[in-house]
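> here is my input; please provide its structure:
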Amino acid sequence: MYFHLIPQEGFYIFQHPQLASWLFGMFLMLLSILLFLIYQLLKTHYSFVNTQKNIGSMMELHEHTKEASSAKSHYLATISHEIRNPLQAILGTHELLLKDVSIAKESKKLIQSAYSTSKSLLEMLNQVLDLTKIEAGKSLTHYEPCSLRELIEHLSQSFKGLTDLKDLHFYLHIDTVLAPSLMIDQTRLKQILINLMSNAIKFTKEGSIYLSVNVLSDTHAEQLLQFQLIDTGCGIPKADLERILQPYERSQCIHTRAIPGAGLGLSITNGLLYSMGSCLQIESTLQIGTCASFRICFQRTSALPISKLEAIKSNELAVYHPIFSGKVALIIDDYPACRDIVSQQLKHFGFFCLQADNAQEAIHIVRQKSIDLVLTDEFMPDMTGRQLAVHLLDLQPDMKIIILTGDTLFAKKLSSTDHELISDYLIKPVQLQELLGSLKKVLSRDQERWDFHRLLDLSHQDDSSAYAILESVLKTQEELLKILQQHAFQTIDPQLLHISHKILGGARLINATQLIQCCLMIANSDQHNDADLIDLLCKELYRLNEEIKLFLTAAQLDSP
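Reported below is the predicted structural model:
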């Protein structure tokens, strides 16, 4: 208005009202933009400051989380070690007792039941303590050929003792058309059935428990099965049926409050079933009982169940192995029962065993005696197994060292230096089959000159017949060796070829690979004058005969 009323006053620009108004408008607009930019800058600054504070808090929280996770892992590793030590003694004792032919069959049934229960406990422990897989969601199912009928019957034997103690009647029904071999995750299915059976026995004071497995659908590729576990226990109120499937939730019924429990069994069971594509269904009536059921589909397979394969492998565990005979092993463990069991297991394979309960005693023994193999616990009061390995290898560089540990994450802690120090490691509890596999790997299987299992196969797994054949082979081979030594052959003539052919027949019976190769070299030799090859045949035959003698002597000492 000022510019319009007094246009002749002021600066030149202001003498033009339109230009002045435009400039004033631009000024206001620029001022608004500047104020907006300042606002945004201040907002960004405060946001940056808050973000820095949040990042600092998050970093601090992350460090606390890492420390808590590390503490938890250390705690569980310690717990695992403490649990696996007694399990080593339990499983090892049962396994050796099952190999003892002097024990009555009825007693062996009880031992087998205890052994199966202990193995189930170990399998559940492995699943619970494998934290990295569980927390990362990588706890994958592992399906393998299994005889479901055999699995359930073994579990039933384990629980029969508990039901007898409470004077409960236990009934088992398995559908007759159940396939002999199915692809099953045995560990998970066992845990599911054990949890359900434990609950049924716990909450049933009198009456009966009924377990059934029925085939609902049967094709050439798979079977749909329904598992039902019915008890005559106190029952669950309808209001609690959904809630009890949540972790740490229990029924509020007055009949169950006094019974101890953490409320984890059903939630774990339902989680395991969910991972296998199923879910738990519970129907219950107070003071009448409960029916827990689930349906699950398993693929058929023509492969032998694992139990059958283990039975075949058990023949290998029942005999001495020539490459171990006379070798000296040192077992180091501060847990006496573990030392004794591992020592007995090694003696079963023909080792001479020494024991030490700490690192200093072990070092003293190694200074005094020549040791072929060391099995040492990783967690000991004075030093770890890996630290001890450094001292022992300084004294005897050629010895082999196997670490025994209860830490399931041990492999992830091994450095390249550790791999150079130790020959192998085994997770406790160590069973005979695992120990034998490790021993063969560490002490080199290719040192074996012959194979007793070939005779077992020829005699249809009859031990007495196999030993009789071996004695006959030894007798013949010793007679042929005497002829070779008496004649002192210098040339490959028809008589030598005839003797070599007889030796070859016996060598093939026991798969004596080096002797077979030597006989074939003589048969295919173009040189009539080959004294070195004849000398090699005599030496190889002598070595084989000595090993068979040692094997038969050890077997006779072990027989009742």
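
> hang on, isn't residue 324 packed against residue 352?
No. Counting by Cβ atoms under 8 Å, residue 324 stays clear of residue 352, with 9.8 Å between them. Backbone N, C-alpha and C define where each C-beta goes, glycine included.

> so between these two, which is more surrounded?
residue 324 (24 against 13; other Cβ atoms under 10 Å).

> need the pLDDT of that one.
Here the pLDDT value assigned to residue 324 is 74.

> how about the strands in this structure?
Applying DSSP state E to the chain gives strands spanning 144-146, 169-174, 182-184, 208-218, 222-231, 281-285, 289-300, 328-332, 352-356, 373-377, 400-405, 424-427.

> any figure for the gap between residue 502 and residue 475?
For residue 502, the distance to residue 475 equals 12 Å [Cβ to Cβ, to the nearest Å].

> out of these two, which sits in the more crowded spot?
Comparing residue 502 with residue 475 by other Cβ under 10 Å, the one with more neighbours is residue 502, at 15 against 12.

> for that one, list the residues it contacts.
By Cβ atoms under 8 Å, 6 or more residues apart in numbering, the residues touching residue 502 are 476, 480.

> what sits closest to residue 383 if chain neighbours are left out?
Excluding the flanking residues, the one nearest residue 383 by Cβ to Cβ, 6 or more residues apart in numbering is residue 359, at 4.8 Å.

> so that neighbour makes contact with residue 391?
Yes. Contact criterion Cβ under 8 Å: residue 359 and residue 391 qualify, at 7.4 Å.

> and those two? which has more neighbours close in?
residue 359 (22 against 14).

> hang on, isn't residue 382 packed against residue 359?
Yes. In this structure, residue 382 is within contact of residue 359 by Cβ under 8 Å, at 4.9 Å.

> contacting residues around residue 210?
170-171, 173, 228-231.

> quick one: it and residue 232, what's the gap?
Distance check for residue 210 against residue 232: by Cβ to Cβ, it reads 9 Å.

> same check on residue 115?
Residue 115 is 31 Å from residue 232, where distance means Cβ to Cβ.

> average pLDDT across stretch 532-551?
Rounded mean pLDDT across stretch 532-551 is 81.

> run through who's touching that stretch.
320, 322, 325-326, 449-450, 452, 470, 473-474, 477-478, 480-481, 484-485, 489-490, 492, 496, 500, 503, 507, 510, 512, 514-515, 518-519, 521-522, 525.

> quick one: buried residues of that stretch?
By 16 or more other Cβ atoms under 10 Å, the buried positions in stretch 532-551 come out as 534, 536-537, 540-541, 544-545, 547-548, 551.

> now those residues in CSV, with distance to residue 92?
Below are the buried residues of stretch 532-551 laid out as CSV (distance: Cβ to Cβ, whole Å):
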residue, distance to residue 92
534, 48
536, 43
537, 43
540, 38
541, 39
544, 33
545, 35
547, 28
548, 30
551, 24
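
> between those residues, which sits nearest residue 334?
Taking Cβ to Cβ as the measure, residue 334 lies nearest residue 551 of the buried residues of stretch 532-551, at 34.8 Å.

> circling back to that earlier point, buried only: go through the contacts of stretch 532-551 for me.
Buried members of the contacts of stretch 532-551, counted by 16+ other Cβ under 10 Å: 320, 322, 325, 449-450, 452, 470, 473-474, 477, 480-481, 484, 489, 492, 496, 500, 503, 507, 510, 512, 514-515, 518-519, 522.

> spit out the contact partners of residue 503.
477, 480, 515, 519, 537, 541.

> equivalent analysis for residue 89, please.
Neighbours of residue 89 in contact, by Cβ under 8 Å, 6+ apart: 335, 337-338, 340-341, 429.

> relative to residue 96, how far out is it?
The gap separating residue 89 from residue 96 is 11 Å, by Cβ to Cβ.

> ok, now residue 145?
27 Å.

> next: residue 285.
In terms of Cβ to Cβ, residue 285 sits 48 Å off from residue 96.

> so what would you say the end-to-end distance of stretch 505-516 is?
Length of stretch 505-516, first residue to last, Cα to Cα, to the nearest Å: 9 Å.

> ok, and what's touching that stretch?
449-452, 454-455, 458, 469-470, 473, 476-477, 503-504, 519, 537, 540-541, 544, 548.

> so where's the stretch 151-300 of the chain uncertain?
By pLDDT under 70, the low-scoring segments of the stretch 151-300 of the chain are 161, 239, 241-265.

> swap in 90 and give it another go.
By pLDDT under 90, the weakly predicted segments of the stretch 151-300 of the chain are 151-168, 180-181, 185-192, 194-206, 219-221, 233-290, 300.

> I'd assumed residue 201 was in contact with residue 166.
Yes. Using Cβ under 8 Å, residue 166 is in contact with residue 201, at 6.8 Å.

> those two: which is more packed in?
The neighbour count for residue 166 versus residue 201, taken as other Cβ under 10 Å, is higher for residue 201 (18 against 13).

> for residue 211, what are its contacts?
With contact taken as Cβ under 8 Å, 6+ apart, residue 211 is in contact with 152, 156, 170-173, 193, 197, 227-229.

> PyMOL command to pick out the buried ones of these?
Per 16+ other Cβ under 10 Å, the buried members of the contacts of residue 211 correspond to this PyMOL selection:
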select buried, resi 152+156+170+193+197+227+228+229
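
> tell me the one of the contacts of residue 211 nearest residue 268?
residue 193 (12.5 Å).

> for that closest one, which non-adjacent residue is closest in space?
residue 155 (5.7 Å).

> surely that neighbour meets residue 192?
No. With contact defined as Cβ under 8 Å, residue 155 and residue 192 do not form a contacting pair (10.5 Å).

> who has more neighbours out of the two?
For residue 155 versus residue 192, the count of surrounding residues by other Cβ under 10 Å is larger for residue 192: 25 against 21.

> if I look at that one, how far off is residue 83?
Distance from residue 192 to residue 83, by Cβ to Cβ: 22 Å.

> cool, and residue 365?
Residue 365 is 29 Å from residue 83, by Cβ to Cβ.

> now swap in residue 209 and tell me
Using Cβ to Cβ, we find residue 209 at a distance of 29 Å from residue 83.

> which one of those two has more residues nearby?
Per other Cβ under 10 Å, whichever of residue 209 and residue 83 has more neighbours is residue 209, with 23 against 17.

> correct me, but that one touches residue 231?
Yes. With contact defined as Cβ under 8 Å, residue 209 reaches residue 231; the gap is 4.9 Å.

> overlap in contacts of these two?
Common neighbours of residue 209 and residue 231 (Cβ under 8 Å, 6+ apart) are 200-201.
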